[in-house]
Each structure stands twice: as structure tokens, then as C-alpha cells.
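K.L.:
return a 3D structure for these sequence lines:
(chains A and B)
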2 protein chains.
Amino acid sequence: MNCLSRRLILKTPVHSNPTLNFPSVNVSFYSRPISIHQKRKLSANTAITSLIHHPLSGVEEDLVGYVFGKKKATEVAHLIWKRVIQNGDTVIDATCGNGYDTLAMLKMVADESGRGRVYGIDIQGDALKSTASLLDESVTLKEKELVKLISICHSRMEEIVPENSPVRLVAFNLGYLPGGDKTITTVSETTQLALEAAKKILIPGGLISLVVYVGHPGGMEELETVEAFASGLSVSNWICCKFQMLNRPLAPVLVLLFKREVAETQ
Amino acid sequence: MNCLSRRLILKTPVHSNPTLNFPSVNVSFYSRPISIHQKRKLSANTAITSLIHHPLSGVEEDLVGYVFGKKKATEVAHLIWKRVIQNGDTVIDATCGNGYDTLAMLKMVADESGRGRVYGIDIQGDALKSTASLLDESVTLKEKELVKLISICHSRMEEIVPENSPVRLVAFNLGYLPGGDKTITTVSETTQLALEAAKKILIPGGLISLVVYVGHPGGMEELETVEAFASGLSVSNWICCKFQMLNRPLAPVLVLLFKREVAETQ
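P.N.:
Numbering: from 1, shown residues only, chains lettered A, B, ... in the order given. Sure thing, here's the model as predicted:
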């Protein structure tokens, strides 16, 4: 696997569950597949069906803002997530970075029931530390308990999410860690594997969301990989679209892969 | 000019202002540049500046609907227009077709003042007849007076719009006339000329909107022409983006070219 070929390789002792304890967030470094501690049988989320009957007004401000240059792709992505994610869902931040998306997701899944789960994945230890710090200063203890931060290649996401979890969102920011080493980036090969894993575990009514940065070497190729993956998703099960700037070639591209609640018969 | 090279050529006698009178809509066929009857000095529309302070909520339902497969590109386009067009504006339907966009625009510009103007252009007489019929059955007499339907190549739009008109929107549906002869389509060369004309006459805060159908021969090439045009628009003055499906290659592409109210200094 080329997961680490262009990345900093984390040298950790091979223990069964080596953990790096942050004050309030469970962070685990794994050098082998993890054992699954919990299996929960979750009944179909009846809230899924209610989504399609929700009036969609009042929340799309950011999309028009994008058109008029007032909103960034990431802001638009968050706006879309809010229309998809429900309290109690399981969501995956497949590229934690500095934690802003992880934080946003946590706010969307957390509620009194405590059923929500956020899995934050990043190959870089520095990213997970940043994310943990951000969470420490931004959320309650109870909310933090819903988060797992894991240093693993995102192509292995299936290994860290309990079977039958109601995975509603898998989100990616493809590129390098802002403020970090710009030569360490996501790469096409493992992004593709991660997308295939996401496709398998996503529930109907779920969303794979990607903000694809293209200004760095390999960025455009990665966009092409994402688009090729999307083009192969069946129309009966998936709605795949992108929002792209035309006169700013280095602007990030927003790609949204929405898994229909009900397959369309044609 | 290749405007008519792939189109049905209308043979009309060469009079100075030949007109074909429909019951309530002024339709003119021109075989030479028209003389401009009116010149109005229009003061800057102060409503332009108010747009950027408008709360953008409650109207973007269609954009999220597009992402979730519930809305078509044309519906999304209309939604965006509503955020841009103000009563009293001048708007151009550069490809009238069967008149649905023309009608929608008319509803957006018409008000008590009667200052609004809709110029509907199509190279096909059948299209203008359809449009006129639709307007007849859908709008009031007073509203109809605001419309001019003109059979001319849209590359010549500068000739039909009075100088200093507050042109807020120029809209295109690129492709063939639904229900008509599918071999008669818009073509890259004249679409490009029409875009250049639109660029010249559009006011700050205005929008060039294109729904580009790509399923017919020449369609993809025309999309490339549009994208190339958009990529050449300066970032300081224009925000250009597109919304495109990734797993439905023949789905129409929505392209939006928004002219900033105030040029961005960098």
C-alpha cells in the first residue's frame, strides 16, 4: 500500500492498542487493524425519511454566497452537511487537519442521547494534536466523549467504524495540512481506496463530501481521480455533482456524492 | 458571420423595420442593424448596492435541491436570477426557445413603474411564436408591453438594447429548441460572440447565466467554449462558477458569470 509513500511515517511501538492520551479525547495510534469493541444493531433511522420532506428553506444562504463570491467552498460544504446530518448519526472526518470540520461535525451529531459519533482520521500526529486542542477549547466534556481521533490511513476507515453504524457523512479535504509541511499531501491512490471504503459503509441518505485543493503538485490529478470515481457511481443510487470556479483555476473544488434514500428505478 | 450557418435562414423582405404583429407583443424581424429609437440616461440603480446587504436566506432551496437531485439546472438558474434581478431592470433572454425563461424574467422585472424591459432573442421564428403565445396566456397587457421579441442572432444583442440600459441578466439555454428541429442548435462561434457582447453591456452586479446542454453533437465543444470564455474573465471583476453532474455526463451544466458590484482590488 502506498498510503505512507509520500507521508511522514509514524514510528510507534507495536502494541495491541497503543494510545496517546489527550486530556479529554481518546486518541489511538494503530499499526494493525483494531478489534471492534462494540457492535450495535441500529434500527433504520426514521429521521432519514423525514429529511426528504423537510422544507429546504432558510439554510442555503451559503450556496448563493458561493456564487456571489461571499462564501468559500468549505462553508458551502458545512451548509450541505447541516441538511444531511441528524443528531445521533455517525460521521467521519477522513482528513482531520486542524480540526475545524471535526468540530463542525461534532456540533451536528451531538445531542442529549449521546448516540452521535465522530471518527476523526489523519495520518499526521500533528494534525490530531491540533484537532484535540481545538476540541478541548470548543466543546463540552460530554461532547468530547463522542469523538475518536485515530492515526490511520483513511483507506482503512472500515476498520475503525463499528459494523452497522449509521454513517451519514464521510468528509475529505484533499491536499496538505494548512500550516504544516506542504509536501505531505493526500494522494490519489489512497484517496480512491478511501472513497471505495466510504461508499461501502455509507447509509442511504448519506453524503460523501470532498473539498479538493488543486494548487499543489498532484492536486489536479487527485481531482481527476475523484471525478472518475464519481462518474462510476450508479445514477439509480447516487447523485454526484461538483461546484467549481472557472476563472480561478487554483480554487478548491467542492464535490458532493449523495447516496439516495431510495434507489431510483428507471 | 456563421450565425446562420447551421440554422434555418429566415427570408424576410428588407424593410427598415419589418414587424410581425402578435396580438400583444411587439415582435420585429430585422435583416439589418436596427436604429435605436430611445436613448435613456439611467442613473445608477441604487438598488444594486442594496443587494449585497440583502439577507440571502429563504430563496436557495433550489440549490440544495439540485444537490439532492430534486431540482433541475434550469430551476436553480431561476432561483439565482431572483436574487439578482430587481424590478425595473433590463434583462435579455438570448435564446427564447419556448418562452419559459422569458416569462420567468418578465415576472421578475415587471412592477408598477413599468421601467422593466425584457428582450427575447431567438433565431427561429417558431420559437418566437411559441414565446409570444406563452406570454399571451400568462401575463397582463401591461406586462406584455415590457417585452420585445426579436429574431436576430444573439451575437448582435448590443444592437437591440438601448445604450445605458441597466442590463442585469443575460441568459442562455444552449442547445436546440425543445420540440423543434434538433439539428438546429446554438453554435460555439456565435455563442462566444454573444458572450462578448453580453460582457460589454452587463452592469456591475449583473449576471450572465447559461444552461448548457451537452448531449447533442457540438454540445461538449460549446461547453468548452463557454468555459474558455469564463476562464478569461478577470478575477477582480468576475466570479465565474459552474454546477455540474459527475455521473450523468449528458446532464446540462449550469454556468454562472457574476459581475461584481465593485471590482476587487488585490
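K.L.:
show me the strands in the stretch 51-200 of chain A, by range?
P.N.:
A:90-93, A:117-121, A:147-151, A:167-174 (DSSP state E, counting those that start in this stretch).
K.L.:
near chain B, anything from the longest one?
P.N.:
If I follow you right, that is strand A:167-174. No: remark: strand A:167-174 sits outside contact range of chain B, by C-beta under 8 Å from any C-beta of the partner chain, the gap being at least 13.3 Å. Heads up, the C-betas are built off the backbone N, CA and C, glycines and all.
K.L.:
next, the angle from that strand to strand A:117-121.
P.N.:
For strand A:167-174 against strand A:117-121, the angle by axes from the mean of the first three to the mean of the last three C-alpha atoms, to 10 degrees is 20 degrees.
K.L.:
find the residue at the geometric middle of chain A.
P.N.:
The centre of chain A sits closest to residue A:171, judged by C-alpha atoms, centre = their mean, with a distance of 2.3 Å.
K.L.:
which one is it nearest to, not counting chain neighbours?
P.N.:
residue A:209 (4.6 Å; C-beta to C-beta, 6 or more residues apart in numbering or on different chains).
K.L.:
three-state assignment of that neighbour?
P.N.:
When classified by DSSP: H, G, I helix; E, B strand; the rest coil, residue A:209 comes out as strand.
K.L.:
quick one on the thing from earlier: highest average neighbour count across the strands of the stretch 51-200 of chain A?
P.N.:
strand A:90-93 (a mean of 28; mean count of other C-beta atoms under 10 Å in any protein chain shown).
K.L.:
got the CA coordinates for stretch A:182-199 in CSV?
P.N.:
The C-alpha trace of stretch A:182-199 is given here as CSV (Å, rounded to 0.1, in the frame of the first residue of the first chain):
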residue,chain,number,x,y,z
LYS,A,182,3.2,21.2,2.3
THR,A,183,5.0,18.3,0.8
ILE,A,184,2.8,15.9,2.8
THR,A,185,-0.4,15.6,0.9
THR,A,186,-3.2,13.2,0.3
VAL,A,187,-2.6,11.0,-2.7
SER,A,188,-4.8,9.7,-5.5
GLU,A,189,-4.2,6.0,-4.8
THR,A,190,-5.3,6.0,-1.2
THR,A,191,-8.0,8.6,-1.7
GLN,A,192,-9.5,6.2,-4.2
LEU,A,193,-9.4,3.4,-1.7
ALA,A,194,-10.9,5.6,1.0
LEU,A,195,-13.7,6.6,-1.3
GLU,A,196,-14.4,2.9,-2.0
ALA,A,197,-14.5,2.2,1.7
ALA,A,198,-16.8,5.2,2.3
LYS,A,199,-19.1,4.0,-0.4
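K.L.:
need the contact partners of that stretch.
P.N.:
Identification of contacts with stretch A:182-199 by C-beta atoms under 8 Å, 6 or more residues apart in numbering or on different chains yields A:1-3, A:5-8, A:92, A:94-95, A:123-124, A:153-158, A:167, A:170, A:172, A:174-177, A:208, A:216, A:218-219, A:221-222, A:224-226, A:229, A:233.
K.L.:
ok, 7 Å please
P.N.:
Contacting residues not belonging to stretch A:182-199 are listed as A:2-3, A:6-8, A:94-95, A:124, A:153-155, A:157-158, A:170, A:174-177, A:208, A:216, A:218, A:221-222, A:225-226, A:229 [C-beta atoms under 7 Å, 6 or more residues apart in numbering or on different chains].
K.L.:
if any of the residues you listed are buried, give me the ChimeraX selection for them.
P.N.:
If you want just the buried ones from those in ChimeraX, going by 16 or more other C-beta atoms under 10 Å in any protein chain shown, the selection is:
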select /A:3,7,94,95,124,153,154,155,157,170,174,175,176,177,208,218,222,225,226,229
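K.L.:
narrow the contacts of stretch A:182-199 to those in helices?
P.N.:
Counting by DSSP state H, those place A:221-222, A:225-226, A:229 in helices.
K.L.:
ok, the residue nearest to residue A:171 - how many residues close by?
P.N.:
Residue A:209: 24 surrounding residues under other C-beta atoms under 10 Å in any protein chain shown.
K.L.:
from residue A:261, how far off is it?
P.N.:
17 Å (C-beta to C-beta, to the nearest Å).
K.L.:
which residues are in contact with the closest residue to residue A:213 other than its chain neighbours?
P.N.:
Once flanking residues are discounted, residue A:213 sits nearest to residue A:175: 3.3 Å by C-beta to C-beta, 6+ apart. The contact partners of residue A:175, taken as C-beta under 7 Å, 6+ apart, are A:185-186, A:213, A:216, A:219.
K.L.:
highest neighbour count among the residues you listed?
P.N.:
Of these, with other C-beta under 10 Å as the count, residue A:186 tops at 27 neighbours.
K.L.:
ok, it to residue B:104 distance?
P.N.:
42 Å.
K.L.:
so where is chain A shaky, pLDDT-wise?
P.N.:
A:1-64, A:68, A:70, A:266 (pLDDT under 70).
K.L.:
residue contacts, the nearest residue to residue A:85 once chain neighbours are set aside?
P.N.:
Leaving out its chain neighbours, the residue that sits closest to residue A:85 by C-beta to C-beta, 6+ apart is residue A:108, at 4.2 Å. Residue A:108 is in contact with A:81-82, A:85, counting by C-beta under 7 Å, 6+ apart.
K.L.:
ditto for residue A:105
P.N.:
A:81, A:91, A:93, A:118, A:169.
K.L.:
how about 10 Å then?
P.N.:
Applying C-beta atoms under 10 Å, 6 or more residues apart in numbering or on different chains, we find residue A:105 in contact with A:78, A:81, A:85, A:89, A:91-93, A:116-120, A:146-147, A:168-169, A:171.
K.L.:
isn't residue A:138 up against residue A:98?
P.N.:
No: applying C-beta atoms under 10 Å as the test, residue A:138 and residue A:98 come out as separate, 12.0 Å apart.
K.L.:
neighbour-wise, which of these two wins?
P.N.:
Counted by other C-beta under 10 Å, residue A:138 and residue A:98 do not tie: residue A:98 has more neighbours, with 20 against 15.
K.L.:
cool, thanks, talk later.
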